[in-house]
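Visitor: Provide a 3D model corresponding to the input given below.
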Amino acid sequence: MSANLKLGLWLFVLTFIVRSIHPANAFETITFSSSDGLEITADEYLVDDDPNRPCIVLFHQSRWSRGEYRETAPRLNKLGFNCLAVDQRSGDTINGVINESTVRAASAGLGIAWLDAIPDMESAIAWTRERHPEAPVIGWGSSYSASLIIKLSGEQEDLVDGILSFSPGEYFSPSNLIRTSATGVKVPVFITSARNEENRWKKIFNVIPSLDKVTFIPKTSGNHGSRSLWPQFTDSDNYWDAVEKFLARWTPLPSLKLSPDTRAPNANISLHPKSHAPHVIEVSEDLERWVTLGVLSRTSTLDGKPSPRHQLYFRLQQITEENSGTADVIAVSVSANPRGYEFSVEISSPSTGRDHYVDWWEVLTEDGNLLYRQIINHSETDDQSFISSGEPIDINPHQNVWVRAHMNTSGFGGQAFLGNGASGFKATQLPFQFAPWIAASKPLPDL
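Guide: Below is the predicted model of the structure:
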């Protein structure tokens, strides 16, 4: 049974009971049912009713409660995130907040060990998905729950859209329990801890295959778990800086929510596809000719801003898996002649013919200005690489430039090359979001 189906079935038994409202602290204490029927308590911190607003599900550390986040969740609200701070059944009391789920579980004769909290974590995420179906959901763990959120994400690919893990480790038996599951984690991951705890989680981090994974090791001694963010600690700002940088993947500031044909001059854009099907973002200068920028993850961000001379429109389009592959530049060579440098570019792509093919390659300055675009229109259809040469470009031999290729249906996002005529070029990655205003610039292939 798939993770989505299992979580969906559990939602039939979830219940929502408002316990109390705390206007001074801007949260509501609610309950819902875990998969085995245990009533779970949580504090819900909402920013507003924006259906696209990203959500963070906050799990506490050992012997604690949802009270771990009484100071942290309001700050996350200010950053633009809804939050749900959960009482897992394995806990106790912190900051004067009793873990009500633990009390109920113990009274019912249920286990309250760390691994017993797994259904509570899964149900909390499922409840959040049900309540915010259009929003990305991020899992946040502290100490033992930091390990479990990695384990659950590795075993259930669509469970969460990102992970923040504070002081994870192999706290369970067998001693490689978390590392084994971590090999399935594909979402963005952030791991941090006290300075002397790095050896507890380094092997876990190393086996995570996600292409977007980062760590933060404090220069100070730091603290265990997400209490490292509590303002009482003098080094908490350093942790917050790292956390905010990671969370910017979901809420750039300023942000503009995408709707069909949204005008977006001089603004960053946060994109939230409404399903897990492949989507692309398209850009247009006139609402008539649309050009694909690239394939979206569950949440993507355009970090670049249009130049003042451009008015741009953006829209989301769903595509098929077959048409979602990107083209890789695999070699670049240049030759000098009196008119400049002539580029020869070797490209490999998943072209399928007239429906999915490489339609151009281009040369850009490091800050995103278009120097040259070679229109191809169609490319090889059997995954074999091909070489395309262009006209001479008048550039300084020591000027670094980007070379990248574009697919008609899936845009940019494959391997690119960076270098110059004097020193040569090296393969590197260039996000499709780089210089988004360039995609709609002329010349463009004929329709």
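Visitor: Quick check: the residue with the largest distance to the centre of the chain vs residue 423, distance?
Guide: Relative to the centre of the chain, the most outlying C-alpha is that of residue 338, 46.6 Å out, by CA atoms, centre = their mean. Remark: distance between residue 338 and residue 423 (CB to CB, to the nearest Å) = 22 Å. (C-beta placed from N, C-alpha, C; glycine too.)
Visitor: How about residue 387?
Guide: Using CB to CB, residue 387 is found at 21 Å from residue 423.
Visitor: What of residue 156?
Guide: Applying CB to CB to residue 156 and residue 423 gives a distance of 46 Å.
Visitor: which one of those two has more residues nearby?
Guide: residue 156 (18 against 10; other CB atoms under 10 Å).
Visitor: so what pLDDT did that one get?
Guide: The confidence metric pLDDT takes the value 97 at residue 156.
Visitor: How about residue 304?
Guide: The predicted local confidence for residue 304 is 46.
Visitor: again, but for residue 284
Guide: At residue 284, pLDDT is 80.
Visitor: what sits opposite it in the beta ladder?
Guide: residue 313 (DSSP bridges).
Visitor: Give me the neighbour count for it.
Guide: 17.
Visitor: what's near enough to touch the nearest residue to residue 239 once chain neighbours are set aside?
Guide: Spatial nearest neighbour of residue 239, excluding adjacent residues (CB to CB, 6 or more residues apart in numbering): residue 228 at 4.8 Å. With contacts defined as CB atoms under 8 Å, 6 or more residues apart in numbering, residue 228 is in contact with 166, 192-194, 218, 222, 235-236, 239.
Visitor: ok so residue 228 is a helix residue?
Guide: Yes - counting by DSSP: H, G, I helix; E, B strand; the rest coil, one finds residue 228 located in a helix.
Visitor: And the contacts of residue 228, which of them are buried?
Guide: Neighbour-count burial (16 or more other CB atoms under 10 Å) is assigned, among the contacts of residue 228, to 166, 192-194, 218, 222, 236, 239.
Visitor: surely residue 209 meets residue 185?
Guide: Yes - the criterion here is CB atoms under 8 Å, and residue 209 meets it with residue 185 at 6.9 Å.
Visitor: neighbour count winner among those two?
Guide: More neighbours surround residue 185 than the other of residue 209 and residue 185, with 26 against 11 (other CB under 10 Å).
Visitor: And residue 221, how far from residue 447?
Guide: Taken as CB to CB, the span from residue 221 to residue 447 is 62 Å.
Visitor: Give me the more crowded residue out of these two.
Guide: residue 221 (10 against 4).
Visitor: And the pLDDT for the more buried one?
Guide: Listed pLDDT for residue 221 reads 97.
Visitor: what do you get for residue 267?
Guide: pLDDT, read off for residue 267, is 45.
Visitor: Over to residue 384?
Guide: The model's pLDDT for residue 384 equals 72.
Visitor: what's around it, how many residues?
Guide: Counted by other CB under 10 Å, the residues lying close to residue 384 total 10.
Visitor: One more: residue 322?
Guide: So residue 322, with other CB under 10 Å, has 12 neighbours.
Visitor: Can you show me the helices along the stretch 301-447 of the chain?
Guide: Using DSSP state H, counting those that start in this stretch, no helices are found in the stretch 301-447 of the chain.
Visitor: now it, which segments are flagged as low pLDDT?
Guide: 301-312, 377-383 (pLDDT under 70).
Visitor: Go again with 80.
Guide: 301-324, 352-355, 377-384, 433, 436-437, 447 (pLDDT under 80).
Visitor: Repeat that for the stretch 101-250 of the chain.
Guide: Short version for the stretch 101-250 of the chain, where the test is pLDDT under 80: 248-250.
Visitor: Now do the helices in it.
Guide: For the stretch 101-250 of the chain, the helices defined by DSSP H, counting those that start in this stretch occupy 118-131, 144-155, 177-182, 198-207, 236-247.
Visitor: looking at those helices, which is closest to residue 395?
Guide: helix 236-247 (33.6 Å; CB to CB).
Visitor: Can you list the residue ranges for strands in the stretch 151-300 of the chain?
Guide: 162-166, 189-192, 213-216, 262-263, 269-271, 279-284, 291-295, 300-302 (DSSP state E, counting those that start in this stretch).
Visitor: Turn the ones you listed into a markdown table, including distance to residue 432.
Guide: Compiled in a markdown table, those are given as follows (distance: least, CB to CB, whole Å):
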| stretch | distance to residue 432 |
| --- | --- |
| strand 162-166 | 19 |
| strand 189-192 | 21 |
| strand 213-216 | 19 |
| strand 262-263 | 18 |
| strand 269-271 | 12 |
| strand 279-284 | 8 |
| strand 291-295 | 3 |
| strand 300-302 | 8 |
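Visitor: closest one to residue 361 among those?
Guide: Among the strands of the stretch 151-300 of the chain, strand 291-295 comes nearest to residue 361, with 14.5 Å by CB to CB.
Visitor: who does the closest one touch, helix- and strand-wise?
Guide: strand 279-284 (3 or more CB pairs under 8 Å, 6 or more residues apart in numbering; DSSP states H and E).
Visitor: how about 10 Å then?
Guide: Under the contact criterion of 3 or more CB pairs under 10 Å, 6 or more residues apart in numbering; DSSP states H and E, strand 291-295 touches strand 279-284, strand 300-302, strand 401-407.
Visitor: and among these, the most buried is which?
Guide: strand 401-407 (a mean of 26; mean count of other CB atoms under 10 Å).
Visitor: Make a markdown table out of the helices of the stretch 101-250 of the chain and add distance to residue 281.
Guide: Shown next, in a markdown table, are the helices of the stretch 101-250 of the chain (distance: least, CB to CB, whole Å):
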| stretch | distance to residue 281 |
| --- | --- |
| helix 118-131 | 23 |
| helix 144-155 | 25 |
| helix 177-182 | 30 |
| helix 198-207 | 30 |
| helix 236-247 | 21 |
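Visitor: and among those helices, the most buried is which?
Guide: Of all the helices of the stretch 101-250 of the chain, helix 144-155 carries the top mean neighbour count, a mean of 26, counting by mean count of other CB under 10 Å.
Visitor: send the alpha carbons of it over as PDB?
Guide: Provided in PDB are the C-alpha atoms of helix 144-155 (Å, rounded to 0.1, in the frame of the first residue of the first chain):
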ATOM      1  CA  TYR A 144      14.800  11.300  18.800                       C
ATOM      2  CA  SER A 145      12.100  12.800  16.600                       C
ATOM      3  CA  ALA A 146      14.900  14.400  14.400                       C
ATOM      4  CA  SER A 147      16.000  10.900  13.700                       C
ATOM      5  CA  LEU A 148      12.400   9.600  13.100                       C
ATOM      6  CA  ILE A 149      11.500  12.300  10.600                       C
ATOM      7  CA  ILE A 150      14.400  11.200   8.500                       C
ATOM      8  CA  LYS A 151      13.400   7.600   8.800                       C
ATOM      9  CA  LEU A 152       9.800   8.200   7.900                       C
ATOM     10  CA  SER A 153      10.700  10.400   4.900                       C
ATOM     11  CA  GLY A 154      13.100   7.800   3.600                       C
ATOM     12  CA  GLU A 155      10.400   5.200   3.800                       C
END
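Visitor: No further questions, thank you.
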